[in-house]
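*Asks:* With the input below, show me the fold.
(one chain, ligands or ions: 1)
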Amino acid sequence: NVGGLEFAVADLALAEAGRTQLRLAEHEMPGLMSIRREFAGAQPLKGARIAGSLHMTVQTAVLIETLVALGADVRWVSCNIFSTQDEAAAAVVVGPNGTAERPEGTPVFAWKGETLDEYWWCTDRLFRFADGQGPNMILDDGGDATLLVHKGVEFEAAGAVPAATDADAEEYAIVLRTLTESLAADPKRFTRIAGEVRGVTEETTNGVKRLYKLATEGTLLFPAMNVNDSVTKSKFDNKYGIRHSMVDGLNRATDVMIGGKLAVVCGYGDVGKGAVEALRGQGARVVVTEIDPICALQAAMEGLDVVELDDVVERGDIFLTTTGNFGIISAAQMARMKHNAIVANVGHFDNEIDMAGLAKVPGIRKLEIKPQVHEWAFPAADGRPAHSIIVLSEGRLMNLGNATGHPSFVMSNSFANQAIAQIELFTKPGEYPVGVHRLPKLLDEKVARLHLDALGVKLTKLTKEQAEYLGVDAAGPFKLEHYRY
Ligand code: NAI
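*Replies:* Residues are numbered from 1 along each chain as shown. As a prediction, the model looks like this:
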């Protein structure tokens, strides 16, 4: 706490380095900056107290300062223990006009390399605005902030937090402990918070899945905006963002030659498609695994072999999970891999690769090559010689753990959707009842429009007659809701 501003970041002295990167990012984020200009006067987020849980990168810093420019009071944490860029976090705390001695920006609680205990401590701080207030908006990525509120309300209603069982993951036990402490100090804290929250805007596939589950069960507590499924989000960030940042992570982590290698991509959804394109672009031989016949057929039509993991596990050089599902690569499969095969994940959660099982392999040793790059050395066993595999970011999002996430231009699309979604939910509570919503298509098209000039794109104008012929408005939206792009 310096001069009344609360924060927990690695080092405020990094703020200047962060600010120079932010300046470059602003130029590459025309959508977000245009929204900043459009709404600076109207201040639509005045009165909003936004609790944000999303990778604390340079691009996110531009989003945070946009929300502030629109009138919001903001607090921020990262949604992953490895994804913070410490210089970006410092720059946000210091603010555009502050100094390290006199920070005057936004409270951030995030640093690269948090422990899980620290991560949930930060997430708890997220909900503690000044003067004992809670947030009235949530901006989430993966749903951890939303989860904490929902679990808090559930246990407050029950009057107690259940004890963690052996079956619970280590992380869930930490969540339960966080909530136990919260409930002991303030038995109705999350119930009050939930009562004030006007809505949550959710960034990613996995978080959106959690929201639909809550809505189906009838336990969703406030309206939610599915930002992920704006076309200008998932068909851009998930695909083209990964195409850029996944190879960046591979290169920074290992600098291994990708060309000629056999790369195995598990999952051929939006993220998988981007990953495959990047690996092929580098000259890798790529095969994919899928459970969905449509995605499997798409892969085949792209000329890819669609295989079962077990059939390639001994031959693959690079294994990448992109499924958003758990238990994709088992410890037994990792034991069968080639010496120095690389195993990495870009799906949201860390359970795609069985890291817990890997740590339990008898005689296995973990050696740090450098932060977020580990060699796991298997002893000779079952007729196999001693060998190692290389695991990136401990099985967590490697494009953020080993690199700096997606580039600014694509995040400008995602975050323009976020900013618009925050404005929609905050200013039009009547229009969005409790449930999961998507942004109107016209706003999705607006986000795309905001990025055309920067690329020199010239749109053809629909004539009145053509618009009538197609049965659409000449100003858009141009497609029916079910169109798939
Ligand atoms: P998606 O649903 O489009 O794709 C996932 C694919 O995995 C689906 O086609 C599904 O059929 C397949 N799949 C599921 N279980 C499988 C299994 N056992 N074996 C093989 N394939 C399986 O989802 P999307 O948008 O591609 O997102 C994937 C994950 O990446 C999510 O966790 C999402 O939150 C995350 N994500 C990560 C980003 C990053 O920067 N690292 C960016 C965007 C999303």
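
*Asks:* tell me which parts of this structure are close to the ligand?
*Replies:* Counting by Cβ under 6 Å from any ligand atom, the chain comes close to the ligand at 204-206, 234, 237-238, 242, 266-272, 289-292, 295, 322-325, 328, 346-348, 397, 399. For the C-beta atoms, the positions are set from N, CA and C on the backbone; glycine is no exception.

*Asks:* From the residues you listed, which land in strands?
*Replies:* In strands, defined here by DSSP state E, the members of the residues of the chain next to the ligand are 266, 289.

*Asks:* Weed out the non-buried ones from the residues of the chain next to the ligand.
*Replies:* 204-206, 234, 237-238, 242, 266-272, 289-290, 295, 322-324, 328, 346-348, 397, 399 (16 or more other Cβ atoms under 10 Å).

*Asks:* in the stretch 201-350 of the chain, what residue is nearest the ligand?
*Replies:* Nearest to the ligand, among the residues of the stretch 201-350 of the chain, is Gly269, at 1.7 Å (Cβ to the nearest ligand atom).

*Asks:* Tell me the confidence at the residue nearest to that residue when sequence neighbours are not counted?
*Replies:* Nearest residue to Gly269 in three dimensions, chain neighbours excluded: Cys295, at 6.2 Å (Cβ to Cβ, 6 or more residues apart in numbering). At Cys295, the model reports a pLDDT of 98.

*Asks:* dump the residue contacts of Cys295.
*Replies:* Counting by Cβ atoms under 8 Å, 6 or more residues apart in numbering, Cys295 touches 267-269, 272.

*Asks:* May I see those arranged in CSV, with pLDDT as well?
*Replies:* Formatted as CSV, the contacts of Cys295 follow (pLDDT from 0 to 100):
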residue, pLDDT
Gly267, 98
Tyr268, 98
Gly269, 98
Gly272, 98
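
*Asks:* residue contacts, the residue sitting nearest the centre point of the chain?
*Replies:* When Cα atoms, centre = their mean is applied to the chain, the residue found nearest the centroid is Asp141 (4.8 Å). Contact analysis of Asp141 by Cβ under 8 Å, 6+ apart lists 53-55, 79, 202-204, 207.

*Asks:* Buried residues, the longest helix seen in the chain. List them.
*Replies:* Taking DSSP state H as the criterion, the chain has its longest helix at helix 408-427. By neighbour count with 16+ other Cβ under 10 Å, helix 408-427 contains the buried residues 408-426.

*Asks:* for the following helix or strand past it, packing partners?
*Replies:* Sequence order places strand 436-437 as the next helix or strand after helix 408-427, per DSSP states H and E. Secondary-structure packing of strand 436-437 (3 or more Cβ pairs under 8 Å, 6 or more residues apart in numbering; DSSP states H and E): helix 205-217, strand 224-226.

*Asks:* Can you report how many residues lie near Asp255?
*Replies:* 8 (other Cβ atoms under 10 Å).

*Asks:* again, but for Ala184
*Replies:* Residues near Ala184, counting by other Cβ under 10 Å, number 9.

*Asks:* What segments of the stretch 1-150 of the chain are strands?
*Replies:* For the stretch 1-150 of the chain, applying DSSP state E, counting those that start in this stretch gives strands covering 49-53, 73-77, 108-109, 137-140.

*Asks:* Would you point to the one among those that's packed deepest?
*Replies:* Mean neighbour count (mean count of other Cβ atoms under 10 Å) peaks for strand 108-109 among the strands of the stretch 1-150 of the chain, with a mean of 30.

*Asks:* who's in contact with whichever residue of the stretch 51-200 of the chain sits closest to the ligand?
*Replies:* Of all residues in the stretch 51-200 of the chain, Gly142 sits closest to the ligand, at 6.6 Å by Cβ to the nearest ligand atom. Taking Cβ under 8 Å, 6+ apart, we find Gly142 in contact with 53, 79-80, 203-204, 206-207, 348-349.

*Asks:* Confirm for me that Leu221 is in contact with Glu196.
*Replies:* No - Leu221 is not in contact with Glu196 according to Cβ atoms under 8 Å; the separation is 10.8 Å.

*Asks:* in stretch 291-306, what's buried?
*Replies:* So, applying 16+ other Cβ under 10 Å, buried residues of stretch 291-306: 295-296, 298-299, 304, 306.

*Asks:* ok, now stretch 177-187?
*Replies:* 178-180, 182-183.

*Asks:* For the stretch 301-450 of the chain, which segments count as helices?
*Replies:* 309-312, 331-335, 355-359, 398-401, 408-427, 441-449 (DSSP state H, counting those that start in this stretch).

*Asks:* on contacts alone, who are the packing partners of the fifth one?
*Replies:* For helix 408-427, the helices and strands in contact under the criterion 3+ Cβ pairs under 8 Å, 6+ apart are helix 30-39, helix 58-69, strand 137-140, strand 200-202, strand 224-226, helix 231-233, helix 441-449.

*Asks:* Equivalent analysis for the second one, please.
*Replies:* Where contact means 3+ Cβ pairs under 8 Å, 6+ apart, helix 331-335 is packed against helix 355-359.

*Asks:* How far off centre is the helix it packs on?
*Replies:* 24 Å (Cα atoms, centre = their mean, to the nearest Å).

*Asks:* do the same with stretch 19-26
*Replies:* Going by Cα atoms, centre = their mean, where stretch 19-26 is centred and where its chain is centred differ by 21 Å.

*Asks:* Gln59: how many residues sit nearby?
*Replies:* Gln59 sits with 30 neighbouring residues when counted by other Cβ under 10 Å.

*Asks:* show me the residues around it that make contact.
*Replies:* Counted by Cβ under 8 Å, 6+ apart, Gln59 has contacts 25, 29, 405-408, 411-412, 415.

*Asks:* can you list these in CSV and add pLDDT?
*Replies:* Formatted as CSV, these follow (pLDDT from 0 to 100):
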residue, pLDDT
Ala25, 98
Met29, 98
Gly405, 97
His406, 98
Pro407, 98
Ser408, 98
Met411, 98
Ser412, 98
Phe415, 98
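
*Asks:* Wait, a helix at Val287?
*Replies:* No - counting by DSSP: H, G, I helix; E, B strand; the rest coil, Val287 is not part of a helix but strand.

*Asks:* so what's it scoring on pLDDT?
*Replies:* At Val287, pLDDT is 98.

*Asks:* right, and it touches Asp305 too?
*Replies:* Yes - assessed by Cβ under 8 Å, Val287 is found in contact with Asp305 at 4.3 Å.

*Asks:* Let's verify the nearest residue to Val312 once chain neighbours are set aside: helix, strand, or coil?
*Replies:* Leaving aside its sequence neighbours, Val312 sits nearest to Val264 (Cβ to Cβ, 6+ apart; 5.4 Å). Here Val264 is strand, with the state taken from three-state DSSP.

*Asks:* Give me the neighbour count for Val264.
*Replies:* Using other Cβ under 10 Å as the criterion, Val264 is surrounded by 28 other residues.

*Asks:* Contact partners for it?
*Replies:* Taking Cβ under 8 Å, 6+ apart, we find Val264 in contact with 286-289, 307, 309, 312-313, 316, 318-320.

*Asks:* How about Gly357?
*Replies:* Going by Cβ under 8 Å, 6+ apart, Gly357 touches 330-332.

*Asks:* What's the PyMOL line that selects buried ones from these?
*Replies:* Selection of the buried residues among these in PyMOL, burial being defined by 16+ other Cβ under 10 Å:
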select buried, resi 330+331
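
*Asks:* can you put the contacts of Gly357 in CSV and add pLDDT and distance to Phe129?
*Replies:* CSV is the format used below for the contacts of Gly357 (pLDDT from 0 to 100; distance: Cβ to Cβ, whole Å):
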residue, pLDDT, distance to Phe129
Ser330, 98, 43
Ala331, 98, 43
Ala332, 98, 48
